[in-house]
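**Q** just coords:
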């Protein structure tokens, strides 16, 4: 059966404890937590205490996000990554999330690839020291210096670091990038969100458009997940919705349960 997870962004106004209680109630296998929300990470608790709470609920900490602009490597970036890895390790996380620069800089052909390889080379021994996976999340925005998963795969293979880095296949960014490529053997997790606004062009879609997946979805979430699974991918599908509409939900458990069921039903129809 398809396994689901919850990225804290989907219920951004909630604290850590409420988020993991919700994930457990939904039958999720794990959560992704993040350091870019207004509230303190883990509600201000120690990573060890947070990890114990997750284990009590039989939840995996699939990833701790995030190292921003990881492909803009520097001594300060190394310090930032190391601090996140220490926290992730203490909490029992399996991975840390690596987010590329998204500011229209470092975009040149050759420049992008060199910057990415420099960062991966530096991150590899740090990840090994902490027994963590680096989850690379290409962003489909035109101003992102790592838009295409294929470019990340090329770097991973060229450096021989497949066992230490995996990809986030984000259905929103997959659509925006428009490359259509699937890399099941490199994919660590799938992020799902839907866009239902019929007026917004694909090139103008932004994070606030990202809602839960339902019948009005324009991103082809079911097709993307089914394609990955047909290629042998069996990992977790994590909800990552940024829309203020989702954040304002009065009953997120009901809404997420409905979206989970919609995805399960859609995948069953595809498999029939």
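**A** Good, I have the coordinates. Just so you know, these numbers come straight off a predicted model, no measurement behind them.

**Q** Quickly run through the sheet partners of the strand ranked longest in the chain, with directions.
**A** With DSSP state E setting the assignment, residue counts place strand 60-68 as the longest strand in the chain. Sheet pairing of strand 60-68 (DSSP bridges) gives strand 30-34 (parallel), strand 95-99 (parallel).

**Q** Now do the residue lying closest to residue 244 once chain neighbours are set aside against residue 160, distance only.
**A** In space, and not counting its chain neighbours, residue 244 is closest to residue 208: 6.3 Å by Cβ to Cβ, 6 or more residues apart in numbering. Where you see a C-beta, it was placed from the backbone N, CA and C, and this is true even at glycine. As judged by Cβ to Cβ, to the nearest Å, residue 208 and residue 160 stand 39 Å apart.

**Q** Equivalent analysis for residue 176, please.
**A** From residue 176 across to residue 160, the span is 30 Å (Cβ to Cβ).

**Q** Neighbour count: these two, which is higher?
**A** Per other Cβ atoms under 10 Å, whichever of residue 176 and residue 160 has more neighbours is residue 176, with 23 against 9.

**Q** For the more buried one, give me its contacts.
**A** 139, 140, 141, 202, 203, 205 (Cβ atoms under 8 Å, 6 or more residues apart in numbering).

**Q** centre of the chain versus the helix or strand harbouring residue 255, how much separation?
**A** Assigned by DSSP states H and E, residue 255 belongs to helix 252-271. Centroid displacement of helix 252-271 relative to its chain, using Cα atoms, centre = their mean, to the nearest Å, is 19 Å.

**Q** Offset the numbering so it begins at 163, please.
**A** Understood, numbering begins at 163; the last thing we discussed is helix 414-433.

**Q** re earlier: neighbour count, distance to residue 278 and secondary structure for the contacts of residue 338 - can I get that in JSON lines?
**A** Formatted as JSON lines, those follow (neighbours: other Cβ atoms under 10 Å; distance: Cβ to Cβ, whole Å; DSSP: H, G, I helix; E, B strand; the rest coil):
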{"residue": "301", "neighbour count": "21", "distance to residue 278": "13", "secondary structure": "coil"}
{"residue": "302", "neighbour count": "20", "distance to residue 278": "16", "secondary structure": "coil"}
{"residue": "303", "neighbour count": "18", "distance to residue 278": "16", "secondary structure": "coil"}
{"residue": "364", "neighbour count": "12", "distance to residue 278": "25", "secondary structure": "helix"}
{"residue": "365", "neighbour count": "10", "distance to residue 278": "24", "secondary structure": "helix"}
{"residue": "367", "neighbour count": "20", "distance to residue 278": "24", "secondary structure": "coil"}
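
**Q** Tell me the one among these nearest to residue 177.
**A** Set against residue 177, the nearest of those by Cβ to Cβ is residue 301 (27.0 Å).

**Q** okay, that closest one: pLDDT?
**A** pLDDT for residue 301: 98.

**Q** didn't it look like it was pressed against residue 265?
**A** No. Assessed by Cβ atoms under 8 Å, residue 301 is found out of contact with residue 265, at 11.0 Å.

**Q** which stretches of the stretch 213-362 of the chain form strands?
**A** 222-230, 257-261, 295-298, 327-332, 349-354 (DSSP state E, counting those that start in this stretch).
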